[in-house]
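In: I would like the atomic coordinates for the input below:
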Amino acid sequence: MADTATITKIVNSFAGALIGVCKNLGISAVLDKSEISPETKAPNNRAAALIGFVTSTVNGTIGLLADEQAFSEIVTTMSGGAVNPDFNDPLAMSAFGELTNMISGQAFIKFNEKEISITPPQLLTGEFIVAVPSAEDAVRSFTIPFKLDTGSKLYLVLALNA
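Out: Predicted coordinates for the structure are as follows:
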């Protein structure tokens, strides 16, 4: 099992990457420290992008979950307003998935891992998307909530097998 310092570095890398990437896009994402949880709880989500990763010391999944308003803001910003933020539009979902790719890329640069493999984003949409935590003792889960200027929510859900 990876030590607590490694797990902390991964969690901080992803949180910092989300804030930084959003800032570069002109989206203000602020960490909601009062709702950080060592569980997987991200209510009212309508879209999710999941990326799996494997490093020499840890593997896991990152999930970016968004409520309807956050999804709309992300798709509109990422497309310059050219794409309608429709959950059933593959191009709109692709824009959301690309944000997750960008966050993952920045996180792994911050994590400074030389050998890493990541999967393409798996895109999900629906009325009640729920992240179900693993029952394995070796898997640690974290939910890191962010508020956007519009009051909408983004959740970074990490499941780490270390």
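
In: any idea how far residue 126 lies from residue 135?
Out: According to Cβ to Cβ, to the nearest Å, residue 126 stands 23 Å off from residue 135. To be clear about C-beta, it is placed using only N, CA and C from the backbone, and glycine gets the same treatment.

In: please tell me how far the residue nearest the centre of the chain sits from residue 86.
Out: Centroid-nearest residue in the chain, with Cα atoms, centre = their mean: residue 64, separated by 2.8 Å. Relative to residue 86, residue 64 is positioned 18 Å away (Cβ to Cβ).

In: least confident secondary structure element in this protein?
Out: In the chain, no helix or strand scores lower on mean pLDDT, DSSP states H and E than strand 116-118, which sits at a mean of 79.

In: can I take it that residue 141 is in a strand?
Out: Yes: under DSSP: H, G, I helix; E, B strand; the rest coil, residue 141 sits within a strand.

In: beta-bridge partners for it, please?
Out: residue 159 (DSSP bridges).

In: for residue 117, same thing?
Out: Residue 117 forms beta bridges with residue 54, as assigned by DSSP bridges.

In: right, and residue 125 touches residue 46 too?
Out: Yes: using Cβ atoms under 8 Å, residue 125 makes contact with residue 46 at a distance of 6.3 Å.

In: common neighbours of these two, please.
Out: When contacts are counted by Cβ atoms under 8 Å, 6 or more residues apart in numbering, residue 125 and residue 46 are jointly contacted by residue 87.

In: buried set for the helix or strand where residue 18 lies?
Out: Per DSSP states H and E, residue 18 falls inside helix 4-25. Residues of helix 4-25 classed as buried by neighbour count (16 or more other Cβ atoms under 10 Å): 6-7, 9-11, 13-15, 17-22.
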